[in-house]
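Student: Here is a sequence together with a model predicted from it:
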Amino acid sequence: MKLFLDSANLQDIEEALQGGFIRGVTTNPSLLAKEPKGSYVGHAQKIIELIQKHGENLSLSVEVFTNDQKEMISQAKDFVKQLNYKQLAIKIPVSYKGQSNLNVMRELTSEGIIVNCTAAMTPLQLMMAAASGAKYVSLFYNRLRDAENEETYKAEREALIKNKVVEEADYDPNKVLHETVPLLMDYPDSEIIVGSIRTVLDVKESALAGGHIVTASLKILKDALMHFKTDDSVDKFLKDFESWIK
Ligand code: E4P
């Protein structure tokens, strides 16, 4: 498996780059909005400069910020032109209120642009995006889990079940990942990115369920390294050595 950093924060990105354990960075408009106001492309450029400063050639995902398909295509092309970075992936939401965006993904991939299909919740969304040429297909792990109980979407949830689009168990993101893996077998160039990660256990469980890449915050990735028995062992080594050297 590979780890990506889910962040637009330059300090966090630099720290993760120094650690050398990430193979990519994913951003989205909400993550960008947490950073000081400025130019969207300009901020992405700063991320690329950091990646290059550390001698890396990591994947960077930048998302379009419109639901209009013509604008998506022109924003995507504009990002590609201005950023001029080989590993740039453009995030396109799989669909929006009755509109499929697979045609957008197809157009972009046919022009050699790397696409990260984002905001997917089901195995078929992920598989169909891969079939349309998306190099990365992103499952939103905990947002899917949230959907099982959100009062706001009660009617939508019931409609999906009534129309046999999904069943109750399809709000379990781990099951969704297990089911996606065989569906993607015909699209070996596509990789599943698992996003919307909230705990260290999510990282492990989603990778073991078949996620090729897990993208998470720096805090979660650093928490994955901490263990009280590691600290205890280190303390004991140093203590034993201290008494020996005296
Ligand atoms: C993935 O590419 C997304 O940026 C992200 O993981 C969304 O997660 P969130 O639910 O923590 O916002």
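Tutor: It's in. Residues are numbered from 1 along each chain as shown.
Student: What mean pLDDT does the helix or strand that contains residue 230 get?
Tutor: Using DSSP states H and E, the element containing residue 230 is helix 228-245. When pLDDT is averaged along helix 228-245, the result is 96.
Student: How about residues contacting it?
Tutor: For helix 228-245, contacts defined as Cβ atoms under 8 Å, 6 or more residues apart in numbering pick out no residues. The way it works is simple: take the backbone N, C-alpha and C, and place the C-beta from them, glycine included.
Student: How far off centre is it?
Tutor: Relative to its chain's centre, helix 228-245 lies at 38 Å (Cα atoms, centre = their mean, to the nearest Å).
Student: which residue packs closest to residue 31, ignoring adjacent ones?
Tutor: Excluding its sequence neighbours, the residue lying closest to residue 31 (Cβ to Cβ, 6 or more residues apart in numbering) is residue 8, at 4.2 Å.
Student: hang on, the one you found packs against residue 26?
Tutor: No. Counting by Cβ atoms under 8 Å, residue 26 is not a contact partner of residue 8; they are 9.2 Å apart.
Student: A helix includes residue 129, no?
Tutor: Yes. With DSSP: H, G, I helix; E, B strand; the rest coil as the criterion, residue 129 is located in a helix.
Student: ok, it touching residue 102?
Tutor: Yes. Using Cβ under 8 Å, residue 129 is in contact with residue 102, at 6.5 Å.
Student: of the two, who's got more company?
Tutor: Looking at residue 129 and residue 102 with other Cβ atoms under 10 Å, you find the greater number of neighbours at residue 129, namely 29 against 19.
Student: Now do the same contact list for the more buried one.
Tutor: Per Cβ under 8 Å, 6+ apart, neighbours of residue 129: 94, 102, 105, 115, 117, 120, 137, 190.
Student: Top of these by number of neighbours, please.
Tutor: Top of these by neighbour count (other Cβ under 10 Å): residue 117, with 31 neighbours.
Student: Would you mind naming the residues that bridge with that residue?
Tutor: residue 92, residue 137 (DSSP bridges).
Student: Can you give me the pLDDT of it?
Tutor: The model's pLDDT for residue 117 equals 98.
Student: hey, what's in contact with both of residue 129 and residue 102?
Tutor: Joint contacts of residue 129 and residue 102 (Cβ under 8 Å, 6+ apart) are residue 94.
Student: Near the ligand, which residues of this protein? Just list them.
Tutor: 6, 26, 28, 118, 138, 140, 142-143, 195-196, 215 (Cβ under 6 Å from any ligand atom).
Student: same thing but at 5 Å, please
Tutor: Residues of the chain lying close to the ligand (Cβ under 5 Å from any ligand atom) are 6, 26, 28, 138, 143, 195-196.
Student: which among these end up buried?
Tutor: 6, 26, 28, 138, 195-196 (16 or more other Cβ atoms under 10 Å).
Student: Show me the strands in the protein, by range?
Tutor: 2-6, 24-26, 59-63, 88-93, 95-96, 99-100, 114-120, 136-140, 191-195, 213-216 (DSSP state E).
Student: pLDDT weak spots in the protein?
Tutor: The chain contains no residues with pLDDT under 70.
Student: Nearest to the ligand: which residue in it?
Tutor: The ligand sits closest to residue 195 of the chain, with a gap of 2.6 Å, by Cβ to the nearest ligand atom.
Student: Output the residues of the chain next to the ligand in a markdown table, with distance to residue 157 appended to each entry.
Tutor: Putting the residues of the chain next to the ligand into a markdown table (distance: Cβ to Cβ, whole Å) gives the following:
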| residue | distance to residue 157 |
| --- | --- |
| 6 | 26 |
| 26 | 27 |
| 28 | 24 |
| 138 | 21 |
| 143 | 13 |
| 195 | 21 |
| 196 | 18 |
